[in-house]
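Colleague: Build the 3D model from these lines:
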Amino acid sequence: MIDLDQLQRWPDVESASLTAVDAADRLLLDESAAPRRGLGDGELVVIGDAYGALALGAADAGATGIRVHQDPVTGEQALAANAERFGLSDRVHSMPLEADLVRGARVVLLRLPRSLAALRDTAGLIAAHAGPDVVVFAGGRIKHMALAMNDVLREHFARLDVTHARQKARVLVARGPQHGADPVAARESHDGLVVCAFGGVFAGPRIDIGTRLLLAHLPQQIPSGAPGDLVVDLACGTGVIATALAMRHPSVSVYASDASAAAVASARATAAANGVADRVTVARDDALSALADGSVGFIALNPPFHSGAAVTDALAPRLFADAARVLRPGGELWCVWNSPLRYRPALERLVGPTRQVARDPKFTVTVSTHRG
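Modeller: Numbers count the residues shown, from 1 in each chain. I've put the predicted structure just below:
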């Protein structure tokens, strides 16, 4: 029997205060233990597993053909690494959040997302394509749960039961799928820019105030480089910056990346809605691993500061370092960040000379020139 405490978060942030398994994972596994017995190959689906605790706990108990969806690519990579470490790689299969993920499923283990829109997307997809006898075990830490989550599940399931709490975690059990629906991106227009967002993406179809500040101060001319140079939007979210750059500069091609599958789908939809999909390439990636060293001259970045539910300042420096790797000497990293985080010393150290371009009560925009 595997020891879930031995799971690792790699390649996500590791620290003594950040764990790869929690009480909600353990409660989900315990509450679903009886219904999971006797399942056939491929009849168990796991959604929102942080680093593999749910999928590998179920695999260790005998489940096979487990279909798994994790929004962040780092979670998917952690699951693969942990599965290999425990010899369970042949029992888990990562898949997109699409119909085939849940088609015919009889049991679904779901870590409740903090976003009601993300929960609605997931619940609707399960109700539309899982088996008619599907049982959904949806769990989380109580401090991150809301009564509105019950309402969302009741939209798509005829019966909802609530388990007793344990170690500040709780599980909702949904049965009787109804009113199924595939996810559809929300859309809003902002000063001529259409923003599309699937559930769970930061800021949804709005433009957050940090991105607005960066948009207002991006250079009128992109630093020139070799013909065919890519302009990069790192941690692109809904693709607002990538799409705006493509609209403002009709001769450039934009490469956008984000670790989130929902963000990637949203960014592609945003580019398409604004007629620039032919010049915006969106990739699901932890930073910019697909780009060669010294290959670009311009990167825009609004770095995340959440790892799951935890707030951390350890994510941005990793992105700064990879931006520096990809930038050619003299290339520029334009970055917006929460002013209290004081990222300028890290930008100076990892990228190069950094100057402030704009600042408001909450955010700072800087440009860092790669020293080479």
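Colleague: hey, where'd the strands end up in the stretch 251-372 of the chain?
Modeller: Assigned strands in the stretch 251-372 of the chain, in chain order: 253-258, 280-284, 296-301, 306-307, 310-311, 327-338, 354-359, 363-369 (criterion: DSSP state E, counting those that start in this stretch).
Colleague: quick one: contacts for Leu97?
Modeller: Applying CB atoms under 8 Å, 6 or more residues apart in numbering, one finds that Leu97 lies in contact with 47, 69, 71, 121-122, 125, 183, 261-262. No exception for glycine: its C-beta is placed from N, CA and C like everyone else's.
Colleague: Could I get those in JSON lines, plus columns for distance to Gly131, neighbour count and secondary structure?
Modeller: Below are these laid out as JSON lines (distance: CB to CB, whole Å; neighbours: other CB atoms under 10 Å; DSSP: H, G, I helix; E, B strand; the rest coil):
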{"residue": "Ile47", "distance to Gly131": "15", "neighbour count": "26", "secondary structure": "strand"}
{"residue": "His69", "distance to Gly131": "17", "neighbour count": "22", "secondary structure": "strand"}
{"residue": "Asp71", "distance to Gly131": "24", "neighbour count": "24", "secondary structure": "coil"}
{"residue": "Asp121", "distance to Gly131": "19", "neighbour count": "23", "secondary structure": "helix"}
{"residue": "Thr122", "distance to Gly131": "16", "neighbour count": "30", "secondary structure": "helix"}
{"residue": "Leu125", "distance to Gly131": "13", "neighbour count": "23", "secondary structure": "helix"}
{"residue": "Pro183", "distance to Gly131": "20", "neighbour count": "20", "secondary structure": "coil"}
{"residue": "Ala261", "distance to Gly131": "24", "neighbour count": "21", "secondary structure": "helix"}
{"residue": "Ala262", "distance to Gly131": "25", "neighbour count": "27", "secondary structure": "helix"}
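Colleague: can you redo these as a markdown table with pLDDT and distance to Met95?
Modeller: What follows is the contacts of Leu97, written out as a markdown table (pLDDT from 0 to 100; distance: CB to CB, whole Å):
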| residue | pLDDT | distance to Met95 |
| --- | --- | --- |
| Ile47 | 98 | 10 |
| His69 | 98 | 6 |
| Asp71 | 98 | 12 |
| Asp121 | 98 | 15 |
| Thr122 | 98 | 13 |
| Leu125 | 98 | 12 |
| Pro183 | 97 | 14 |
| Ala261 | 98 | 10 |
| Ala262 | 98 | 14 |
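Colleague: Rebuild those residues as CSV, extending it with distance to Ile241.
Modeller: Converted to CSV, the contacts of Leu97 look like this (distance: CB to CB, whole Å):
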residue, distance to Ile241
Ile47, 29
His69, 26
Asp71, 20
Asp121, 24
Thr122, 27
Leu125, 29
Pro183, 23
Ala261, 19
Ala262, 17
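Colleague: ok, back up a step: how about JSON lines for the strands of the stretch 251-372 of the chain, with mean neighbour count added?
Modeller: As requested, the strands of the stretch 251-372 of the chain are exported to JSON lines (neighbours: other CB atoms under 10 Å):
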{"stretch": "strand 253-258", "mean neighbour count": "26"}
{"stretch": "strand 280-284", "mean neighbour count": "20"}
{"stretch": "strand 296-301", "mean neighbour count": "25"}
{"stretch": "strand 306-307", "mean neighbour count": "14"}
{"stretch": "strand 310-311", "mean neighbour count": "11"}
{"stretch": "strand 327-338", "mean neighbour count": "21"}
{"stretch": "strand 354-359", "mean neighbour count": "14"}
{"stretch": "strand 363-369", "mean neighbour count": "21"}
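Colleague: Mind putting those into CSV with mean pLDDT and distance to Gly237?
Modeller: Converted to CSV, these look like this (pLDDT from 0 to 100; distance: least, CB to CB, whole Å):
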stretch, mean pLDDT, distance to Gly237
strand 253-258, 97, 6
strand 280-284, 98, 11
strand 296-301, 96, 11
strand 306-307, 46, 12
strand 310-311, 44, 17
strand 327-338, 95, 12
strand 354-359, 97, 20
strand 363-369, 97, 15
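Colleague: And those: which comes nearest Thr163?
Modeller: Closest approach to Thr163 among the strands of the stretch 251-372 of the chain (CB to CB): strand 310-311, 24.6 Å.
Colleague: tell me the contacts of the residue positioned nearest the centre of the chain?
Modeller: Closest residue to the average C-alpha location of the chain: Ser260 at 2.7 Å, with CA atoms, centre = their mean. Contacts for Ser260 (CB under 8 Å, 6+ apart) come out as 71-73, 200-201, 237, 284.
Colleague: returning to that earlier point: how about CSV for the strands of the stretch 251-372 of the chain, with distance to Ala130 added?
Modeller: Formatted as CSV, these follow (distance: least, CB to CB, whole Å):
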stretch, distance to Ala130
strand 253-258, 28
strand 280-284, 24
strand 296-301, 38
strand 306-307, 29
strand 310-311, 31
strand 327-338, 40
strand 354-359, 49
strand 363-369, 42
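Colleague: closest to Gly42 out of those?
Modeller: Gly42 lies closest to strand 280-284 among those, at 24.0 Å (CB to CB).
Colleague: What strands flank the closest one, and is each parallel or antiparallel?
Modeller: Here strand 280-284 is paired, per DSSP bridges, with strand 253-258 (parallel).
Colleague: okay, the angle between the partner strand and strand 296-301?
Modeller: 40 degrees (axes from the mean of the first three to the mean of the last three CA atoms, to 10 degrees).
Colleague: just the CA coordinates of strand 253-258, formatted as CSV?
Modeller: Included here for strand 253-258 are C-alpha records, laid out as CSV according to Å, rounded to 0.1, in the frame of the first residue of the first chain:
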residue,chain,number,x,y,z
SER,A,253,3.1,36.6,-34.6
VAL,A,254,2.3,36.0,-30.9
TYR,A,255,3.2,33.0,-28.8
ALA,A,256,1.1,32.7,-25.7
SER,A,257,1.5,30.1,-22.9
ASP,A,258,-0.2,29.2,-19.7
